[in-house]
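Chemist: Predicted model, plus sequence, below.
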Amino acid sequence: MSAVSPASHRGVTGTDDGRRVDPALLAPTALPPSWPPSLQVLLGEPAGDVWAAVLGPLGGRLRSLTASTVTLRPDAAATVRYGAVVDWADGRATRESLAATTGAEVPPGAAVLEGAAPDGRPVTVGLWRWPLDPALPGLAWAASAARTAERLAGLGLDVGSPRLRLRAYRPGRRAVVEVTSPAGCWFLKVVRPAAVADLADRHRRLAASVPVPPVLAATDDGVVVLPGLPGTPMRTALAGDPAALPDPAALEALLDALPPVGSAGRRDPADPVPRVRAHATVLGMVCPGLAPRLDRLVAAVGAAAGTHPVVPVHGDFYEAQLLVSEGAVSGLLDVDTAGPGARIDDWATLLAHLALLERLGGPGPVAAYRARVQALLAGRLPAGELAARVAGVLVGLATGPFRVQQAGWAAATEARVALAEEWVSGSPSR
């Protein structure tokens, strides 16, 4: 295909004139007044007017606007990615991926609008259309098959006539584009230009000791080119091929082999409480009824987490970051967070993801593998401290349903908070 298709788009709403989207169709239910101004603007009635102000001078008229992902930060700034249908003055109708962000995260080069939330509080919004993300200049060519082939050829990589698939996109932060052709498979990791040297260095240093994709090329505009690695995603193996799963001792050996790399920015890499508190703050803004329970969870994690030595860690170690083959680990992915930390947190992250998969999918291979991991750790890590840190990770995972705008996200959020409570109390359902 000629370009990355960045988003699926849900149903079409209507317009009442060239400048406004029918607010009843854009926001079918009133937003809670307690929500921060960023969400009131980006998810409420003003969103249509914000985009009409940007698209109108370009000859575009919104036919529909649907939020697909919403990232809310503890400071109440927000980033929203939308799917939209836009009618143009020349008669075309196109499906667009749009992004808007507020607060200090507005990158230079974004279209900036100053306005006010429905309650009168001022809000500054930065906006852009895919793939022209002002914080990720490399995305403009990494989203085009023709330009990707040309650019990679200039870097010494002949990919022929590639097909592109967007694997991940966090507006203003990063994107991952899969490139496939008869010649092979590659991944373009697109980051802010200031971050590319550190990311490439992490890969180079880690690849000497663990199965991290080696860097084939890196560009000044923020693209790191990585080869595809052999193996099956561990999440896929958990669902259908338990024989492909590595023994938990192989995971321990993998973590033990991690070499020291620079800090990934954590203030106190061995203390989980700041991260848990940050996630609890976000959850409390969108689910204020959960605030008392979240406060108790943060306090319980802090009381039981214990202290642990700082060692090399992956920083986001769970089944989606692992490729497996015939019982061995063949790939370790997403090393952006690798650096100093507490090893117990890598294990807690894995167990939390397994516990959530088990809860969502029912007993089966996931539950059996989680039990094997816990059996390995029994007697090596204090059970109460490990359980508390698992609970802390689950608080972070509880932000997921709102972030992806899952149907029934409030109930799904509460269920994940309840699962965290089970772990912190030492009585998760088995």
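Modeler: It's in.

Chemist: Going by C-alpha atoms from here, please, whenever you check contacts or count neighbours.
Modeler: Noted.

Chemist: ok, and the closest non-adjacent residue to residue 39?
Modeler: Once flanking residues are discounted, residue 39 sits nearest to residue 78: 6.8 Å by CA to CA, 6 or more residues apart in numbering.

Chemist: contacting residues for residue 38?
Modeler: Taking CA atoms under 8 Å, 6 or more residues apart in numbering as the criterion, residue 38 is in contact with 76, 77, 78, 102, 117, 123.

Chemist: Just to be sure, residue 68 is in a helix?
Modeler: No: assignment of residue 68 by DSSP: H, G, I helix; E, B strand; the rest coil gives strand, placing it outside any helix.

Chemist: From the opening residue of stretch 239-249 to its closing one, how far?
Modeler: Using CA to CA, to the nearest Å, one end of stretch 239-249 lies 20 Å from the other.

Chemist: Pull out the buried positions in that stretch.
Modeler: Across stretch 239-249, burial judged by 16 or more other CA atoms under 10 Å covers 242, 244, 245, 246, 247, 248.

Chemist: give me the element residue 94 is part of.
Modeler: strand 93-102 (DSSP states H and E).

Chemist: Export only the CA atoms of that strand, formatted as CSV.
Modeler: Output of strand 93-102 as CSV, limited to C-alpha atoms (Å, rounded to 0.1, in the frame of the first residue of the first chain):
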residue,chain,number,x,y,z
ALA,A,93,-14.2,13.0,1.3
THR,A,94,-11.2,11.6,3.2
ARG,A,95,-10.7,9.6,6.4
GLU,A,96,-8.2,11.4,8.6
SER,A,97,-6.3,10.7,11.8
LEU,A,98,-6.1,13.9,13.9
ALA,A,99,-4.4,14.6,17.2
ALA,A,100,-4.8,17.3,19.8
THR,A,101,-2.8,18.0,23.0
THR,A,102,-2.9,20.5,25.8
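
Chemist: Contacts for that strand, please.
Modeler: So strand 93-102 is contacted by 6-7, 9, 38, 42, 77-88, 123-130, 171 (CA under 8 Å, 6+ apart).

Chemist: Cross these against helices and list the overlap.
Modeler: Of those, the ones assigned to helices by DSSP state H are 38, 42.

Chemist: quick one: the helix or strand just after the strand holding residue 94 to strand 93-102, angle?
Modeler: With elements assigned by DSSP H and E, the helix or strand that comes after strand 93-102 is strand 111-116. Inter-element angle recorded for strand 111-116 and strand 93-102: 60 degrees (by axes from the mean of the first three to the mean of the last three CA atoms, to 10 degrees).

Chemist: what packs against strand 111-116?
Modeler: Using 3 or more CA pairs under 8 Å, 6 or more residues apart in numbering; DSSP states H and E, the elements in contact with strand 111-116 are strand 122-129.

Chemist: Kindly state the pLDDT recorded for residue 328?
Modeler: Note for residue 328: predicted pLDDT of 94.

Chemist: Same check on residue 361?
Modeler: Looking at residue 361, the pLDDT reads 86.

Chemist: Could you report the distance from it to residue 239?
Modeler: Per CA to CA, residue 361 is found 9 Å from residue 239.

Chemist: again, but for residue 107
Modeler: 40 Å.

Chemist: And residue 156, by the same measure?
Modeler: According to CA to CA, residue 156 stands 38 Å off from residue 239.

Chemist: and if you look at residue 318?
Modeler: Distance from residue 318 to residue 239, by CA to CA: 15 Å.

Chemist: residues in contact with residue 392?
Modeler: 272, 273, 276, 297, 298, 301, 420.

Chemist: quick one, what contacts the third one?
Modeler: Listed by CA under 8 Å, 6+ apart, the contact partners of residue 276 are 298, 392, 393, 395, 396.

Chemist: isn't there a helix covering the second one?
Modeler: Yes: when the secondary structure is assigned by three-state DSSP, residue 392 falls within a helix.

Chemist: On the pLDDT front, check it for me.
Modeler: For residue 392, the model assigns a pLDDT of 98.

Chemist: what about it, distance to residue 346?
Modeler: The spacing between residue 392 and residue 346, counted by CA to CA, is 12 Å.

Chemist: what do these two both touch?
Modeler: Counting by CA under 8 Å, 6+ apart, nothing touches both residue 392 and residue 346.

Chemist: For the stretch 101-250 of the chain, which segments count as helices?
Modeler: Counting by DSSP state H, counting those that start in this stretch, one finds helices in the stretch 101-250 of the chain at the ranges 139-142, 145-154, 196-207, 234-240, 248-256.

Chemist: mind listing the strands for the stretch 201-350 of the chain?
Modeler: With DSSP state E, counting those that start in this stretch as the criterion, the stretch 201-350 of the chain has strands at 217-218, 223-227, 232-233, 311-313, 322-325, 328-332, 339-341.

Chemist: so which of those strands gets nearest residue 199?
Modeler: Among those, the nearest to residue 199 by CA to CA is strand 223-227 (7.9 Å).

Chemist: Determine the set of other helices and strands touching that closest one.
Modeler: Applying 3+ CA pairs under 8 Å, 6+ apart, one finds that strand 223-227 contacts strand 184-191, helix 196-207, strand 217-218.

Chemist: in the second one, what's buried?
Modeler: The reference is to helix 196-207. So helix 196-207, judged by 16+ other CA under 10 Å, has buried residues 196, 199, 200, 202, 203, 204, 205, 206, 207.

Chemist: Can you report how many residues neighbour the residue nearest to the fourth one when sequence neighbours are not counted?
Modeler: Spatial nearest neighbour of residue 202, excluding adjacent residues (CA to CA, 6+ apart): residue 261 at 6.7 Å. Summarising burial for residue 261: neighbours were counted as other CA atoms under 10 Å, giving 17.
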